[in-house]
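J.: Let's see this in three dimensions:
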Amino acid sequence: MEQLPVGMGARRNEDIALDLLKFVAVTASVGRPNTATAGFVAAVSTKAEDQVGHLLELYTRCLRAVEGK
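T.: Residues are numbered from 1 along each chain as shown. Model (predicted):
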């Protein structure tokens with residue numbers, strides 16, 4: 001596979017990490033309010049600040065993964 005020159009469609013690591021964050025967050029339902037489903041009631045109530053903190057931590061982990069650290 002050929003490498004594209006910088007500026008010709010190449011993506012920054014931050015952009016790739018953000019896409020990875022979006023994928024993981026949607027797949028794992030991270031950042032969504034707890035909702036009750038049939039027979040299940042969420043016991044833990046999370047604050048918005050906690051959710052933001054978790055998302056920022058997840059973004060950092062995604063960026064490190066993309067950079068290979």
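
J.: From now on I want contacts and neighbour counts done on CA atoms only, so please keep to that.
T.: Noted.

J.: residue boundaries of the helices in the chain?
T.: Counting by DSSP state H, the chain has these helices, from start to end: 13-28, 48-67.

J.: Can you convert these into a markdown table and add a column each for mean pLDDT and mean neighbour count?
T.: What follows is the helices of the chain, written out as a markdown table (pLDDT from 0 to 100; neighbours: other C-alpha atoms under 10 Å):
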| stretch | mean pLDDT | mean neighbour count |
| --- | --- | --- |
| helix 13-28 | 92 | 15 |
| helix 48-67 | 91 | 15 |
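
J.: contacting residues for V26?
T.: V26 is in contact with no residue at all, counting by C-alpha atoms under 8 Å, 6 or more residues apart in numbering.

J.: let me fix that: L58
T.: Listed by C-alpha under 8 Å, 6+ apart, the contact set of L58 reads L21.

J.: go again using 10 Å as the cut-off
T.: By C-alpha atoms under 10 Å, 6 or more residues apart in numbering, the contact list for L58 reads 17-18, 20-22, 24-25, 30, 52, 64.

J.: Likewise for A28?
T.: K22.

J.: Distance check, V66 against T60.
T.: Distance of V66 to T60, given as C-alpha to C-alpha, to the nearest Å: 10 Å.

J.: K22 now?
T.: As judged by C-alpha to C-alpha, K22 and T60 stand 13 Å apart.

J.: Equivalent analysis for E49, please.
T.: Shown here: E49 relative to T60, a distance of 17 Å by C-alpha to C-alpha.

J.: just V52 next, same as before
T.: The spacing between V52 and T60, counted by C-alpha to C-alpha, is 12 Å.

J.: Check whether I16 really touches V66, as I assumed.
T.: Yes - counting by C-alpha atoms under 10 Å, V66 is a contact partner of I16 at 7.2 Å.

J.: rewinding a little: out of the contacts of L58, who's nearest R11?
T.: Within the contacts of L58, distances to R11 taken as C-alpha to C-alpha reach their minimum at A17, with 10.3 Å.

J.: Would you mind confirming that that closest one is in contact with E67?
T.: Yes - counting by C-alpha under 10 Å, A17 does reach E67; the two are 8.9 Å apart.
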